[in-house]
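1. model this:
(one chain, ligands or ions: 1)
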Amino acid sequence: MSARKLFGTNGIRGLVNVELTPEMVIKVGCSIGTFFGRKNLLIGHDARTSGPMFARAVVSGLTATGCNVFFAGMAPTPALQYAVKNHKMDGGVIITASHNPPEYNGIKVIWSDGIETSHEQEVEIENIYFDNKIVFAEWDKLGTLRELPGINDEYIQAIEKQVNPAKIAERHFHVVVDAANSVGGLTAPPLLRELGCKVTSINANIDGTFPGRLPEPRPESLTDLASTVKAIGADLGVAFDGDADRSIFVDENGVIYWGDKTFAVIIKQFLIKNPGAKIVTPVSSSTLIKDTVQAYKGELIWTKVGSVTVSQKMKELNAKLGGEENGGVFYGPHQAVRDGAMTTALLLNIMAETGEKLSKLVAEQPQYFLEKGKIECPDEKKEVLLQKLFEQVKGENISTIDGVKIWFSDNSAILIRPSGTEPVFRLYAEAKSQEKALKLVEDYSSRLKKILETV
Ligand code: MG
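-> Okay, the predicted model is just below:
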């Protein structure tokens with residue numbers, strides 16, 4: 001964490017008792033409480049061993065600054081976000097490090113609309129923290145602390161209302177759930193049983209050391225899920241990240257799909273039912289998303305990379321569907337935030353309505369090959385390098401929403417972005433063949449290096 005920065009892309013993150021200590025978290029709680037100013041806030045945490053400790057530290061800071069705290073206990077991030085809106089809270093705080101390893105924890109601050117706070121709001125909280133502008137309440141105006149049980153059940157019921165439970169139940173789906181020993185296990189299995197599915201769970205017991213697998217759902221950590229689905233003849237497998245806002249799926253043959261493939265399945269059905277609808281996605285998403293939105297006549301809205309940006313753009317445009325390639329799907333009729341259990345219900349609803357297996361739904365999509373690369377670039381030269389690159393390619397079909405993305409006439413594309421955390425530029429190429437994708441990375445790496453020699 002740099003001198004005056006607490007927040008990263010999704011909240012505050014750090015190593016427990018090294019970067020993120022109880023003293024610091026109490027001060028963060030005081031700063032969040034001062035930012036909101038004596039309001040009603042909902043708080044919860046994921047399954048991490050440090051969750052109860054940090055939740056109490058935040059509660060201490062919030063009540064000290066006069067906020068009334070409602071304590072929801074252990075919950076997925078999207079369940080807490082839903083409850084903030086549903087209970088008309090002024091905001092919320094969830095203690096989670098999402099997909100980071102077990103030795104990490106973090107803090108996400110939620111605004112009254114259920115969406116994480118904006119970058120500008122986070123800067124306000126940071127200014128209170130670093131400039132010691134905390135406003136403590138007098139002894140007789142301290143905030144209160146109450147329990148608010150049952151938010152996970154309310155969340156499950158809300159998701160059921162967004163799909164056709166009778167239609168899903170007719171199919172008697174068998175689903176394997178891998179909750180990474182975290183909070184996804186509290187909501188997904190009961191939701192699926194409510195929808196008439198047979199559920200087999202792996203890594204289901206809550207254990208903040210994450211003994212089953214790391215909380216980041218990567219293909220290499222989902223081999224148990226994939227082999228279980230195949231071995232028992234299940235229809236679908238789903239894996240969540242640590243706070244269950246992202247979901248990655250496995251088809252009936254045990255094939256693991258990265259998030260853009262299942263997002264494209266959801267886009268297609270959504271556009272068939274909602275012609276011309278707006279689909280919001282970061283510029284890092286696959287060309288598959290662009291192809292699908294074009295094929296089914298939707299309107300594609302690109303954003304900068306980051307889930308909060310997608311949520312805010314959906315809200316601004318009243319768009320009902322958004323998604324990221326990492327398995328985050330935002331379903332506006334429920335809530336405009338990433339939501340793993342909602343995504344699972346949507347996919348089952350599509351499988352029920354079309355009568356198709358997931359493998360078939362994905363097989364009809366155009367196929368792309370991905371290559372990644374990076375070149376070193378000192379932080380102080382990043383901006384001028386980006387500007388020079390832009391001047392060279394500005395005649396082409398490009399977007400400069402986040403870095404430079406270039407689409408070529410043969411449907412290949414490359415995204416070139418400066419890293420926010422390391423002195424490097426990252427290159428992500430996509431093409432109809434692996435060779436072409438690799439060539440794009442090589443060509444643009446040498447082009448960037450050449451420009452760098454001149455700046
Ligand atoms: Mg997450």
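2. Give the helix, strand or coil label for L191.
-> helix (DSSP: H, G, I helix; E, B strand; the rest coil).
3. Just give the number of residues close to it.
-> Counted with other Cβ atoms under 10 Å, the neighbours of L191 add up to 25. From N, CA and C alone the C-beta is placed, and that goes for glycine too.
4. List the contacts of the residue lying closest to it once chain neighbours are set aside.
-> Distance criterion Cβ to Cβ, 6 or more residues apart in numbering; nearest residue to L191, sequence neighbours excluded, is I156 at 4.7 Å. I156 makes contact with 187, 190-191, 194, 341 under the criterion Cβ atoms under 8 Å, 6 or more residues apart in numbering.
5. from the residues you listed, which is closest to the ion?
-> In terms of Cβ to the ion, no member of the contacts of I156 lies closer to the ion than A341, at 12.6 Å.
6. Go ahead and measure how far the host helix or strand of that closest one is from the middle of the chain.
-> With elements delineated by DSSP states H and E, A341 resides in helix 340-354, which encompasses its position. Between the centre of helix 340-354 and the centre of its host chain there is 18 Å, according to Cα atoms, centre = their mean, to the nearest Å.
7. mean confidence for it?
-> The predicted model assigns helix 340-354 a mean pLDDT of 98.
8. what does stretch 55-67 give?
-> Average pLDDT, stretch 55-67: 98.
9. likewise stretch 124-143?
-> Predicted confidence along stretch 124-143 averages 98 (mean pLDDT).
10. Identify each buried residue in it, please.
-> 125-126, 128-129, 134, 137, 143 (16 or more other Cβ atoms under 10 Å).
11. okay, that stretch in PDB with CA atoms only?
-> Once side chains and other backbone atoms are set aside, the C-alpha atoms of stretch 124-143 remain, and they are given as PDB (Å, rounded to 0.1, in the frame of the first residue of the first chain):
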ATOM      1  CA  GLU A 124     -12.700  10.700   0.600                       C
ATOM      2  CA  ILE A 125     -12.300   7.800   3.000                       C
ATOM      3  CA  GLU A 126      -8.600   7.800   2.500                       C
ATOM      4  CA  ASN A 127      -8.400  11.500   3.100                       C
ATOM      5  CA  ILE A 128     -10.200  11.100   6.400                       C
ATOM      6  CA  TYR A 129      -7.800   8.300   7.300                       C
ATOM      7  CA  PHE A 130      -4.500  10.000   6.400                       C
ATOM      8  CA  ASP A 131      -5.400  13.500   7.500                       C
ATOM      9  CA  ASN A 132      -6.800  12.300  10.800                       C
ATOM     10  CA  LYS A 133     -10.200  13.900  10.200                       C
ATOM     11  CA  ILE A 134     -12.100  11.200  12.100                       C
ATOM     12  CA  VAL A 135     -15.100  12.600  14.000                       C
ATOM     13  CA  PHE A 136     -15.800  10.600  17.100                       C
ATOM     14  CA  ALA A 137     -19.300  10.600  18.600                       C
ATOM     15  CA  GLU A 138     -19.900  11.800  22.200                       C
ATOM     16  CA  TRP A 139     -20.400   9.100  24.700                       C
ATOM     17  CA  ASP A 140     -24.200   9.400  24.600                       C
ATOM     18  CA  LYS A 141     -24.300   9.400  20.800                       C
ATOM     19  CA  LEU A 142     -22.300   6.200  20.100                       C
ATOM     20  CA  GLY A 143     -23.800   3.900  17.500                       C
END
